[in-house]
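[1] Below are the sequence and a predicted model for it; my questions follow.
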Amino acid sequence: MKRTIARREWFSMDVFGIPLQGTHHFAHSNERNRTGILLLTGFSTPRAAHGDSGVYWAQSFADSGYPSFRIDVPGSGDSGGDVFTESLPFISAGGQGPVTVEIVKQLTERHGLNGVVIIGHCAGAISALFAAASCKECCGLVLMAPYFHVPQALRLKARRALIDWATRSRMGGLLSRLYLRSRDFRPLLRTNIPPKNANRPLLGRCKELASAGLPILVLKAPGPKPSGTKPGTGEFDYLGYLVKMASSRNRIEVKTIEGAHHNFANHVGRTAVQQHVENWLAAFFPSQDCEEALVNAGLCTGPYINPAESSGLYRLRKTSFSEGHGL
Amino acid sequence: MRVQTEYPLNHEQQEQPGYFEVPGAHLYTVLHRVKEPIARVLLVGPFASARHYSYTYWVLWARYLAHRGVEVLRYDYRGVGESEGVFEEMSFDHWSEDVQLLAGWLRGRSPDVPLVLHGLEIGAILAATAFYAGIGDLLLLWSPPANANQSLRSELLRWLALQQISRYSGERKPASVFIRELEEGSSLEVAGYRWSSRLWHDSFKVELPPGLGNEPSLQSANVRPLKIVSLGKEAAPLVKSGYLAEEEPKDFTWLFVDNWDWIAINLDHSGEGE
């Protein structure tokens, strides 16, 4: 049995006495003084993620010059720690935040990294937000399908049963269609105040980070709704709210990936995530490989030109952000 | 509530990940090491997209066994999870070969220690096939389908049902349309894995060995012990259930205790027979 194979190796680390297992995808050359990537999967998902999309992304980012790490958080995958039967409230309250901070610190120290960008999906995005607020080594965030409300375990169970029924019966399908249509009118009745079940501590952290100018890329998948319905209809616009509440220094970028599902595991989703993240990384955290390639191609002889400034690919700040996403 | 995991904290018992070389790829494996094991178990897991749901409990089962003095090897199939390889280029032949090579390696660690093959869903067919080729001393099967196509079909239906949520009834395509496409040579992406038409066609031929559905008659015809367990909704998310969304974590001690008892009793009997 080998520990290392071409381009990757497994690693373990001890966090608060819990042994964690992960996979390290090597960047092309010396990894010191680079920006690392930490991928956190969603609720109780092994580190390969849905459809092994985590493996695909980590390898892609490593190929672009960013050492990438996937790790199983306590109680999931190959890592130690107890499996919580009520992990949603735990994660929503920031329960995995301290563990994530410790992982980032250890990775930074072990590999001599400049900093770490945390890419979190779903519940992983929540942990990433809580961690980033108390971790100077975290230099950027990519939040995939984050949620800003507190899921209620009982409601969740009932909702699952309802979804199950709606997809299997004719009557369920009809009622589901009516429900989705009714959501078109709900925003008209609502002001820009977060609903009662909003995760206020999380919103607070997010606002702090955004106001401090931390680069944040948010990737959204259109919710489960019939084609022709506007994305996000009927839901409180948390991201718009955050941008409005954060200072003008905020560097939040939001992308909606049409054709992707919640887990972004299908071909459309995984490719779009890869491209958006790589463009965003090149803009905010240009890798040495990227700089060297530009120099070799004769495109850059002096200081590195930030593509964010030169190409306008990634428009910063609230005003331009609003243009693209109706926020 | 929390489900306690029997993670090894002493040096006599360790979980050792590694990469095992097979033709053209490396398989990701985790060996639950035990000092002087009373038996060894090779866990042959469910199909690609089902891995995700069952993973936590598969690991807990491995730890449960290791805690009782059984060395366990679990792994990801070629082209799946942490293993190398491109999923759409793989076939059931590759995955059968994975079982044989790993079982051979595990047996080679100390040939006199009994080897148990334990398969879940499609993994149960692969484990049973290896057992019938003479590999292993005990066979434990959880929810084996009659053939691999049954499992693929149920995975397809589950995935389609999730897709239907986002479509009006007029936009929904029945499963038969997708199945016809697969049968006519097109590939289909299911839960992030691209199923080739070849995979679909081959899945009909990947069956439980003849007569295995009839456990008592087989038990009497075979000197080596085997057990088949049919798991229902109560065992979700370890096995596929009626629910579409992810299941909440559960305590599977009831399942582990019962199956461990069977293994322990049959290990004793296999010792008597020698």
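    Yes, it's here. None of these values were measured; they are calculated from a predicted model.
[2] what sits opposite B:V116 in the beta ladder?
    B:V41, B:L138 (DSSP bridges).
[3] which SS class is the closest residue to chain B within chain A?
    Using Cβ to the nearest Cβ, the single residue of chain A nearest to chain B is A:G51, 1.4 Å away. No exception for glycine: its C-beta is placed from N, CA and C like everyone else's. Judged by DSSP: H, G, I helix; E, B strand; the rest coil, the three-state class of A:G51 is helix.
[4] Roughly how far does the residue lying closest to it once chain neighbours are set aside sit from A:A123?
    Excluding the flanking residues, the one nearest A:G51 by Cβ to Cβ, 6 or more residues apart in numbering or on different chains is B:G192, at 1.4 Å. Note on B:G192: its distance to A:A123, by Cβ to Cβ, to the nearest Å, is 18 Å.
[5] Also A:F84?
    Distance, A:F84 to A:A123, using Cβ to Cβ: 11 Å.
[6] more neighbours, those two?
    A count of neighbours by other Cβ atoms under 10 Å in any protein chain shown puts A:A123 above the other of A:F84 and A:A123, at 25 against 20.
[7] Phi first, then psi, for the more buried one.
    With angles defined as degrees, to the nearest 10, A:A123 sits at phi -60, psi -30.
[8] What helices and strands are in contact with the helix or strand where B:S154 lies?
    Assessed by DSSP states H and E, B:S154 sits inside helix B:148-164. The elements that helix B:148-164 packs onto, with contact taken as 3 or more Cβ pairs under 8 Å, 6 or more residues apart in numbering or on different chains; DSSP states H and E, are helix A:153-168, helix B:48-67, helix B:122-132, helix B:175-183, strand B:188-190, helix B:197-205.
[9] Now do it and helix B:122-132, the angle between them.
    Counting by axes from the mean of the first three to the mean of the last three Cα atoms, to 10 degrees, helix B:148-164 lies at 170 degrees to helix B:122-132.
[10] about what we covered before: close enough to count as contact, the residue nearest to A:G51 and A:V55?
    No - the pair B:G192 and A:V55 fails to qualify as a contact (Cβ atoms under 8 Å) at a distance of 10.6 Å.
[11] could you pull out the strands for the stretch 201-327 of chain A?
    Here the stretch 201-327 of chain A has its strands, by DSSP state E, counting those that start in this stretch, at A:215-220, A:251-256.
[12] Deepest-packed of these, please.
    Across these, the average number of neighbours (mean count of other Cβ atoms under 10 Å in any protein chain shown) peaks for strand A:215-220, which reaches a mean of 24.
[13] neighbouring contacts of that strand?
    Identification of contacts with strand A:215-220 by Cβ atoms under 8 Å, 6 or more residues apart in numbering or on different chains yields A:139-146, A:209-210, A:231-232, A:239, A:250-257, A:264, A:272-273, A:276-277, A:280, A:284-285.
[14] buried subset of the residues you listed?
    Buried by 16 or more other Cβ atoms under 10 Å in any protein chain shown: A:139-146, A:209-210, A:232, A:239, A:250-255, A:257, A:264, A:272-273, A:276-277, A:280, A:284-285, out of those.
[15] Give me the most central residue, the chain.
    I'll assume chain A. Nearest to the mean C-alpha position of chain A, counting by Cα atoms, centre = their mean, stands A:L143 at 2.4 Å.
[16] hmm, I had chain B in mind actually
    B:G45 (2.1 Å).
[17] which ones are touching that residue?
    Counting by Cβ under 8 Å, 6+ apart, B:G45 has contacts B:R51, B:S54, B:W58, B:R74, B:Y75, B:D76, B:Y77, B:G119, B:L120, B:G123.
[18] closest to B:V229 among these?
    Ranked by distance to B:V229 (Cβ to Cβ), the contacts of B:G45 are led by B:L120 at 9.8 Å.
[19] A strand includes A:L141, no?
    Yes - assessed with three-state DSSP, A:L141 lies in a strand.
[20] The helix holding B:S154 vs helix B:197-205, what angle?
    130 degrees.
[21] and the angle from helix B:148-164 to helix B:48-67?
    Using the same axes, to 10 degrees: helix B:148-164 against helix B:48-67 is 120 degrees.
[22] Compute the inter-axis angle for helix B:148-164 and helix B:175-183.
    Our comparison of helix B:148-164 with helix B:175-183, counting by the same axes, to 10 degrees, yields an angle of 130 degrees.
[23] For helix B:148-164, buried residues please.
    Buried, per 16+ other Cβ under 10 Å, within helix B:148-164: B:148-153, B:155-156, B:158-164.
[24] quick one: contacts of it?
    Residues from elsewhere that reach helix B:148-164, judged by Cβ under 8 Å, 6+ apart: A:164, A:167-168, A:261, B:46-47, B:49-50, B:92, B:121-122, B:125, B:145, B:172, B:175, B:178-179, B:188, B:190-191, B:195, B:199-200, B:202-204, B:206-207, B:240, B:244.
[25] which of these count as buried?
    In the contacts of helix B:148-164, the ones that pass as buried (16+ other Cβ under 10 Å) are A:164, A:167, A:261, B:46-47, B:49-50, B:92, B:121-122, B:125, B:145, B:172, B:178-179, B:188, B:190-191, B:195, B:199-200, B:202-203, B:206-207, B:240, B:244.
[26] Now do the buried residues in stretch B:60-76.
    Buried, per 16+ other Cβ under 10 Å, within stretch B:60-76: B:60-68, B:70-76.
[27] what's the most distant pair in the residues you listed?
    So, the buried residues of stretch B:60-76 by Cβ to Cβ: farthest apart are B:R68 and B:D76, at 24.3 Å.
[28] got the contact list for the residue nearest to B:G69 when sequence neighbours are not counted?
    Spatially, and ignoring its direct neighbours in sequence, B:G69 is nearest to B:I38 (4.6 Å; Cβ to Cβ, 6+ apart). For B:I38, the contact set (Cβ under 8 Å, 6+ apart) comprises B:R68, B:G69, B:V70, B:V113, B:P114, B:L267.
[29] So which of those are in helices?
    Residues of the contacts of B:I38 located in helices (DSSP state H): B:L267.
[30] Return the member of the contacts of B:I38 nearest to A:S12.
    B:V70 (22.3 Å).
[31] That closest one contacts B:L42, correct?
    No - between B:V70 and B:L42 there is no contact, the gap being 11.0 Å when judged by Cβ under 8 Å.
[32] Could you list the low-confidence segments of chain B?
    B:1-13, B:165-171, B:213-222, B:241-248, B:269-274 (pLDDT under 70).
[33] go with 50
    Low-confidence segments of chain B (pLDDT under 50): B:11, B:273-274.
[34] Bridging across strands, which residues link to the residue nearest to B:E181 when sequence neighbours are not counted?
    Distances taken as Cβ to Cβ, 6+ apart put B:L188 closest to B:E181, at 6.4 Å, once the chain neighbours are dropped. Beta-bridge pairing for B:L188 (DSSP bridges): B:W195.
[35] Which residues does the lengthiest helix in chain A contact?
    If you go by DSSP H, chain A has its longest helix at helix A:267-284. With Cβ under 8 Å, 6+ apart as the test, helix A:267-284 has contacts from A:35, A:37, A:51, A:53, A:56-57, A:60-61, A:64, A:66, A:117, A:119, A:140, A:142, A:144, A:215, A:217, A:219, A:221, A:251, A:253, A:255, A:257-261, A:263-264, A:287, A:290, A:306-308, A:313-314, B:189, B:192, B:194.
[36] Quick check, A:G94 in contact with A:A128.
    No - in this structure A:G94 lies outside contact range of A:A128 using Cβ under 8 Å: 10.7 Å.
[37] Between those two, point out the one with more neighbours.
    Between A:G94 and A:A128, counted using other Cβ under 10 Å, the more crowded position is A:A128 (30 against 20).
[38] Report the rounded mean pLDDT for stretch A:8-15.
    Stretch A:8-15 carries an average pLDDT of 95.
[39] residue contacts, A:W10?
    Each residue near A:W10 by Cβ under 8 Å, 6+ apart is listed here: A:R3, A:Q21, A:G22, A:T23, A:H24, B:P17, B:G18, B:Y19, B:Y28, B:E82.
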